[in-house]
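Engineer: Predicted model, plus sequence, below.
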Amino acid sequence: MNKELTFLRTFAVATAIGVTILTTSAFKKIGNQRFTEIDVERINIVENDGTVKMVITNVARFPNGTDQINHKPTNADRKKRSGMLFFNEDGIEAGGFIYDGKKTANGHAAGLSLTYDQYDGDQVMQLLTQDVAQGDQRFVSSTLAFNDRPSKESQLKTMEIMKELEELRKKDPKLMQEKYKWYENQGLVGGVPRVMLGKSRNQNNGLFLFDDKGMPKAMFYVDKANKAKLDFFDDKGNTIASFPEQKN
C-alpha cells in the first residue's frame, strides 16, 4: 500500500510539473503565430514595458466606470460601445474609433465616430456619422469637424470638475453654471467648433466656419433645394452678407 501511495504521489507531481512546463513553453514561444480565425472579446496592444497603446473591444468589455488603463481612471459616464481606444507614450488616451446601431421602437439609431484628442485633453478632430429614423422620417449626416480645446485641459482634472459640477447641478443649477464659467475662464473646461465639413441639421451640405467662441462666421453650402449659397455672419449670428443676394 505504501509503495502504491508513493507511486501515485510521484506520478501526480511529475504530471503537474509536465503540464506547467508545457503551458509556460507555449506562452513563451518566440516568433509570429498564424491563425486562420480567432474569436476574442478584447485585445490590449501593449509595449514591452506593459504600457497599453490600443484597446480593441466588444461592448461588454469597453472600459469605463471603475476600470483603469495604464494606472489611470477611465471616463465613468461614457457609454459602452464596440471599437478601439488609442493611448500615447505616456499612457494617456489619445482618441478612438467607436460605432453602434440598433432598431428602436419605431425606427433605428446608428452612429460611428473616429476621433483624435488634444494631448491630455478631448477631441480636436472628429469624423462622425449619424443615422436616426423615427417612423417615416430619417436623418443621415456625415461630418468632419475640427475643434478648439482649452489650453490647460487635463483629462483627470476634467473628470473631477464634471463630478463637482454634477453635484452642484442637483443642488443649485445657477451656481453650477457660474462655477462652469469660472473653470472655463481658467482654461480648464470648454471647447468650441471651428471648422465643419458635411451636413448640418438644416440639411445643408457644405463648409461651415466658426469664430473662437463657437459662433458661425461663414458658410458655403448647397441647401436642400439644391441652391448653392455663401453666407457671412456678425458676432451675434445675424446674416450680414449673402451670395447670391436674397431677392425681396
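Structural biologist: Perfect, thanks for sending it. The shown structure was predicted, so the numbers you read here are calculated from the model rather than taken from an experiment.
Engineer: Show me what counts as buried in the host helix or strand of residue 97.
Structural biologist: With elements taken from DSSP states H and E, the one containing residue 97 is strand 93-104. Neighbour-count burial for strand 93-104, counted by 16 or more other Cβ atoms under 10 Å, picks out 93-98. To be clear about C-beta, it is placed using only N, CA and C from the backbone, and glycine gets the same treatment.
Engineer: For the most centrally placed residue in the chain, give its distance to residue 77.
Structural biologist: Geometric centre of the chain, nearest residue: residue 96, 5.0 Å, by Cα atoms, centre = their mean. Distance from residue 96 to residue 77, counting by Cβ to Cβ, to the nearest Å: 15 Å.
Engineer: And residue 190, by the same measure?
Structural biologist: The value you get for residue 190 to residue 77, if Cβ to Cβ is used, is 18 Å.
Engineer: How about residue 219?
Structural biologist: 33 Å.
Engineer: Wasn't residue 157 part of a helix?
Structural biologist: Yes: counting by DSSP: H, G, I helix; E, B strand; the rest coil, residue 157 is part of a helix.
Engineer: what pLDDT does the residue lying closest to it once chain neighbours are set aside get?
Structural biologist: Distances taken as Cβ to Cβ, 6 or more residues apart in numbering put residue 188 closest to residue 157, at 6.3 Å, once the chain neighbours are dropped. We have a pLDDT of 95 for residue 188.
Engineer: hmm, back to that, for residue 190 and residue 77, indicate the residue with more neighbours.
Structural biologist: Comparing residue 190 with residue 77 by other Cβ atoms under 10 Å, the one with more neighbours is residue 190, at 19 against 10.
Engineer: Now do the SS call for the more buried one.
Structural biologist: Under three-state DSSP, residue 190 comes out as coil.
Engineer: Contact partners for it?
Structural biologist: 149-150, 183-184 (Cβ atoms under 8 Å, 6 or more residues apart in numbering).
Engineer: re the thing from before, state the distance from the residue nearest to the centre of the chain to residue 184.
Structural biologist: 25 Å.
Engineer: before we move on, what about residue 59?
Structural biologist: Taking Cβ to Cβ as the measure, residue 59 falls 33 Å from residue 184.
Engineer: same thing with residue 201?
Structural biologist: In terms of Cβ to Cβ, residue 201 sits 25 Å off from residue 184.
Engineer: more crowded one of those two?
Structural biologist: residue 184 (13 against 7).
Engineer: Under a three-state scheme, what state does the more buried one occupy?
Structural biologist: Applying three-state DSSP: residue 184 is helix.
Engineer: pretty sure it is touching residue 150, no?
Structural biologist: Yes: look at residue 184 against residue 150 with Cβ atoms under 8 Å: they come within range, at 7.4 Å.
Engineer: Show the average pLDDT along stretch 228-247.
Structural biologist: 91.
Engineer: roughly how far out does that stretch sit from the chain middle?
Structural biologist: Stretch 228-247 has its C-alpha centroid displaced from the chain centroid by 34 Å (Cα atoms, centre = their mean, to the nearest Å).
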